[in-house]
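Student: got a sequence here, can you model it:
(one chain, ligands or ions: 1)
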Amino acid sequence: MRRDILIFGQGLAGTWLAWECERAGISFVISDAGQREPSASRVAAGIVNPITGRRLVKSWRIDSLLPAARAAYRELEGALETDLWRRMRLRRIFRDDRERRIFGEKQVRGDLAPFAGEADEAGFWVEEAARVDVVALLDSAAARWKAQGHWLDGPMSLAAAEARADLVIDCRGFATTREVAWARVPWEYSRGEILELTIEGLDPDVILNRGHWLLPVGPGLAWVGATHDPGVTTATTTAEARATLSVSAAELLDGRAFEVARQFSGVRVNLPDKQPVAGRHPSTARLGVLNGLGAKGVWLAPMLARQWVNHLTAGVPFDVEVDVARFNPR
Ligand SMILES: Cc1cc2nc3c(=O)[nH]c(=O)nc-3n(C[C@H](O)[C@H](O)[C@H](O)COP(=O)(O)OP(=O)(O)OC[C@H]3O[C@@H](n4cnc5c(N)ncnc54)[C@H](O)[C@@H]3O)c2cc1C
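Tutor: Residues are numbered from 1 along each chain as shown. You can find the predicted model right below:
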């Protein structure tokens, strides 16, 4: 059956877009390649950290995006009957005096409010951090839409997708960036690697962060990550990342014993201005995109999906800061 919209790819982008379509009563079908194509979402740690980087900056629009994302996940949890958004405490440990000084200055100016909590000589607590179990989200959402008949098994080509719907919204992450139609968008890449550790006695509600983060993911299991390798487009694992992350884990765990159980990786897609992209292709109106979620897919995807649906139902223009038209991809 021909549908109004084909959502091409079911990572975080496609999942949120499909949910917003369902909420708005828009007829849609999803095509996903399953495990046959790379998926950044399936390796994402799912961390929501409002204050990041060596310069301790609040993430783009986080004051409004974080509460909106939390509310959106709560609603989706109800529909999927699956716990997704888990509030965590995040302990940011200063790497050096410079970081301590930056924190002091920003704290005095109120730059980190409302997310910077209690502080001491060694670090501070980040409030409102969270973790989303992204694989649980993808699997439970896929099961819902398969059961409802909104599903086409992939992979398929863009031409095949375009033959099946009035509008194809390309949410294929890395695969989108290899498509000739989007060749003028200046895509950038960063491979990220993660180690899974076996370790006992961690506080299950605390993420540690000092350069890298350490995230408890289940009884006796934690992940440490993630590396950033700009320009690398293959989701391979390396001995260098294993060594680097093992050192970070030992520091974060203060010498506590652990073993490396697994290593995995994925490729993040970014744009040079570090904002995501959404919108219609300027010369092919029946093609759209939602991509460039970088390292922040968990909370950018709900906002971009909402913009798509506002555009489809009420003709609302895309926010100029995210509109793919800013790259003139004709
Ligand atoms: C190591 C690592 C850690 C990360 N940690 C975090 C984190 O803690 N917090 C956070 O917010 N973000 C994190 N991210 C970023 C996050 O993973 C991405 O922003 C997000 O997953 C991108 O989602 P997407 O839907 O755009 O793409 P993807 O997740 O890559 O999804 C693309 C989908 O398209 C499908 N597909 C591809 N080709 C075809 C085809 N021909 N036909 C049909 N389907 C196709 C694929 O199967 C896949 O399901 C991390 C990323 C990495 C690499």
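Student: any low-confidence regions in the stretch 201-330 of the chain?
Tutor: Applying pLDDT under 70 to the stretch 201-330 of the chain picks out residues 329-330.
Student: mind redoing it with 90?
Tutor: Applying pLDDT under 90 to the stretch 201-330 of the chain flags the ranges 255, 282-283, 285, 328-330.
Student: the ligand contacts on that one?
Tutor: Neighbours of the ligand within the stretch 201-330 of the chain, by CB under 6 Å from any ligand atom: Gly225, Ala226, Gly266, Arg268, Asn291, Leu293, Gly294, Ala295, Lys296, Gly297, Val298. C-beta here means a position set from N, CA and C on the backbone, and glycine is covered the same way.
Student: list buried residues within the residues you listed.
Tutor: Gly225, Ala226, Gly266, Arg268, Asn291, Leu293, Gly294, Ala295, Lys296, Gly297, Val298 (16 or more other CB atoms under 10 Å).
Student: contacting residues for Leu17?
Tutor: By CB atoms under 8 Å, 6 or more residues apart in numbering, the residues touching Leu17 are Ile7, Ile169, Cys171, Leu290, Ala301, Leu304, Ala305, Trp308, Val309.
Student: before we move on, what about Trp85?
Tutor: By CB under 8 Å, 6+ apart, the neighbours of Trp85 are Arg70, Tyr73, Arg74, Glu77, Ala130, Val132.
Student: before we move on, the earlier item: pick out the most distant pair among the residues of the stretch 201-330 of the chain next to the ligand.
Tutor: Maximum pairwise distance among these (CB to CB): 21.9 Å, between Gly225 and Asn291.
Student: in the stretch 201-330 of the chain, which residue sits closest to the ligand?
Tutor: Using CB to the nearest ligand atom, Gly297 is the residue of the stretch 201-330 of the chain that sits closest to the ligand, at 2.5 Å.
Student: mind checking pLDDT for Glu37?
Tutor: On pLDDT, Glu37 comes in at 87.
Student: what's around Trp145, how many residues?
Tutor: The local packing of Trp145 (other CB atoms under 10 Å) involves 20 other residues.
Student: hmm, Cys21 and it touching each other?
Tutor: No - the criterion here is CB atoms under 8 Å, and Trp145 misses it with Cys21 at 10.1 Å.
Student: wasn't Arg268 part of a strand?
Tutor: Yes - using DSSP: H, G, I helix; E, B strand; the rest coil, the assignment for Arg268 is a strand.
Student: can you tell me how far Trp182 is from Ala72?
Tutor: Using CB to CB, to the nearest Å, one gets 26 Å for the distance from Trp182 to Ala72.
Student: in this structure Ala278 contacts Val322, no?
Tutor: Yes - Ala278 is within contact range of Val322, at 5.1 Å (criterion: CB under 8 Å).
Student: hmm, back to that, can I have the buried ones of the contacts of Trp85 as a ChimeraX selection?
Tutor: Listed next is the ChimeraX selection for buried residues among those, using 16+ other CB under 10 Å:
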select :70,73,130,132
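Student: the ligand: which of the contacts of Trp85 is nearest?
Tutor: Using CB to the nearest ligand atom, Val132 is the member of the contacts of Trp85 that lies nearest the ligand, at 7.6 Å.
Student: read off the pLDDT value for that closest one.
Tutor: Predicted confidence (pLDDT) for Val132: 98.
Student: didn't it look like it was pressed against Ser41?
Tutor: No - with contact defined as CB under 8 Å, Val132 and Ser41 do not form a contacting pair (10.1 Å).
Student: and Gln166, helix, strand or coil?
Tutor: Actually, residue 166 is Asp rather than Gln. Using three-state DSSP, the structure places Asp166 in strand.
Student: which non-adjacent residue is nearest it?
Tutor: Counting by CB to CB, 6 or more residues apart in numbering, Asp166 lies nearest to Asp4, which is 5.4 Å off, once chain neighbours are set aside.
Student: run through the residues that contact the one you found.
Tutor: Residues near Asp4 by CB under 8 Å, 6+ apart: Ile26, Ser27, Phe28, Ala165, Asp166, Leu167.
Student: and the first one, how far from Ala250?
Tutor: It stands for Ile26. Taking CB to CB, one finds Ile26 at 50 Å from Ala250.
Student: what do you get for the fifth one?
Tutor: Distance, Asp166 to Ala250, using CB to CB: 55 Å.
Student: also His228?
Tutor: Note on His228: its distance to Ala250, by CB to CB, is 20 Å.
Student: got it, and Ala13?
Tutor: Here Ala13 is placed at a distance of 35 Å from Ala250 (CB to CB).
Student: who has more neighbours, these two?
Tutor: Per other CB under 10 Å, whichever of Ala13 and Ala250 has more neighbours is Ala13, with 33 against 14.
Student: on the three-state scheme, the more buried one is what?
Tutor: Following three-state DSSP, Ala13 is assigned to helix.
Student: before we move on, what about the one 4 residues further on?
Tutor: Leu17 carries the three-state label helix when classified by three-state DSSP.
Student: please name the nearest non-neighbouring residue to it.
Tutor: Ala305 (4.4 Å).
Student: phi, psi of that neighbour?
Tutor: Dihedral angles phi and psi of Ala305 (degrees, to the nearest 10) take the values phi -60, psi -40.
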